[in-house]
Every structure is written in C-alpha cells, then in structure tokens.
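**Q** This is a predicted model, with the sequence first.
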Amino acid sequence: TDIGGSKINQDAHCVIHFTSNNVSGCAICVADGHGEKGEIASECGIKYLKEIINDGVDELFSEPVSFLNKAFIHIHDKIRDSLVEAFINDKYEVEVNKLTGEILKRRMPTHAFTSLKSGTTFSVIVLLGKTLYIANVGDSTGILYSGTPILKPSRCLK
C-alpha cells in the first residue's frame with residue numbers, strides 16, 4: 001500500500017477463508033482509504049465484510065451476486081455511520097443529506113456546513129469453488145491475468 005498524501009496509511013486489506021457444505025471459498029479485499037478519516041472508512045469496510053460473510057456464508061454460496069450487492073449496501077451504510085460518529089466525537093456538528101447521503105459537517109453554528117471528503121475504494125474478489133466473482137466501488141478493481149488461458153470464458157453477471 002502507498003500512504004499517498006496522508007501522514008498515516010489509510011489502506012486496509014483482508015483474506016477470509018470459509019466453507020459451506022464441504023465447499024471452500026475465499027474472499028480477498030483491498031480498501032484504499034482517502035480523505036480526513038479514510039482509515040476509519042477502510043477499516044470499517046473490512047470489519048463489516050468479515051462480519052457479513054461470517055453471518056451469511058450459505059447465502060454467499062447460493063446467491064453470490066445478490067449477496068455481494070447486499071453486502072456493499074450494508075458496508076456503505078456502516079461506513080457512513082462510523083464517519084458520522086467519528087466527526088461527532090471530534091466535536092463537529094454533522095448532518096446527512098437524506099436525498100443524496102452526503103455527510104455535511106461544521107465546527108461551530110456560525111460556520112457554514114462543508115461536505116465531508118472522505119471514504120474508501122473497496123474491491124472484493126470472491127472465489128467459490130472454481131468460480132470467481134469480482135465486486136468493487138471507486139477507482140479500484142481486481143483483475144485476473146495469465147499469459148496463457150487458464151479459465152473457461154466467463155459469463156457477465158449483472
């Protein structure tokens with residue numbers, strides 16, 4: 001990982017091994033935090049990915065695309081809540097725009113609200129048996145590369 005413009009490394013990663021009905025699986029995740037509280041966003045994303053996989057491993061095997069969609073929505077909500085809590089703990093007044101989800105903060109009632117510029121990219125590669133799924137938000141993704149063909153052509157999942 002690269003610290004970038006921050007003084008601390010805001011990136012997080014994990015590898016999660018799991019089984020269901022004697023079939024093994026693995027999830028590999030990289031979260032590239034950015035902004036004022038990027039480390040909170042990336043760590044929170046990893047924490048809740050582990051939690052949601054542990055709680056729903058059977059669903060992950062039976063409906064992987066649906067599971068990953070729900071997981072990303074859940075993780076997004078948890079990151080938002082964690083960022084709001086962190087700024088409130090830092091004595092900011094915080095509002096969440098109900099239409100856009102944008103987090104607004106200000107130090108003093110006489111100051112204007114400013115938009116929070118913080119978050120994380122989030123890329124997850126899930127291997128279920130012999131099938132690979134890649135899900136991401138932000139400008140990061142997982143790419144499988146080999147100099148020789150190693151997999152059958154895959155179908156596009158939307």
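**A** Everything's here; your move. Residues are numbered from 1 along each chain as shown.
**Q** Helices of this protein, start to end?
**A** 38-55, 57-62, 64-89 (DSSP state H).
**Q** Comparing those helices, which comes out most buried?
**A** Greatest average neighbour count among the helices of the chain goes to helix 38-55 (a mean of 20), per mean count of other CB atoms under 10 Å. To be clear about C-beta, it is placed using only N, CA and C from the backbone, and glycine gets the same treatment.
**Q** In the lengthiest strand in the chain, which residues are buried?
**A** Counting by DSSP state E, the longest strand found in the chain is strand 23-35. Buried residues in strand 23-35, counted by 16 or more other CB atoms under 10 Å: 25, 27, 29, 30, 31, 32, 33, 34, 35.
**Q** Please tell me how far the fifth one sits from residue 137.
**A** Okay, so that is residue 31. Distance, residue 31 to residue 137, by CB to CB, to the nearest Å: 10 Å.
**Q** list residues touching both of these two?
**A** Counting by CB atoms under 8 Å, 6 or more residues apart in numbering, the residues touching both residue 31 and residue 137 are 121, 122.
**Q** Contacts only, for residue 54.
**A** residue 18.
**Q** per-residue pLDDT, it?
**A** What the model reports for residue 54 is a pLDDT of 94.
**Q** same thing with the one 10 residues further on?
**A** In the predicted model, residue 64 carries a pLDDT score of 95.
**Q** so what's the residue nearest to it when sequence neighbours are not counted bridging to?
**A** Sequence neighbours aside, residue 133 is the residue nearest to residue 64 in space, at 5.3 Å (criterion: CB to CB, 6 or more residues apart in numbering). Taking DSSP bridges as the rule, residue 133 bridges to residue 126.
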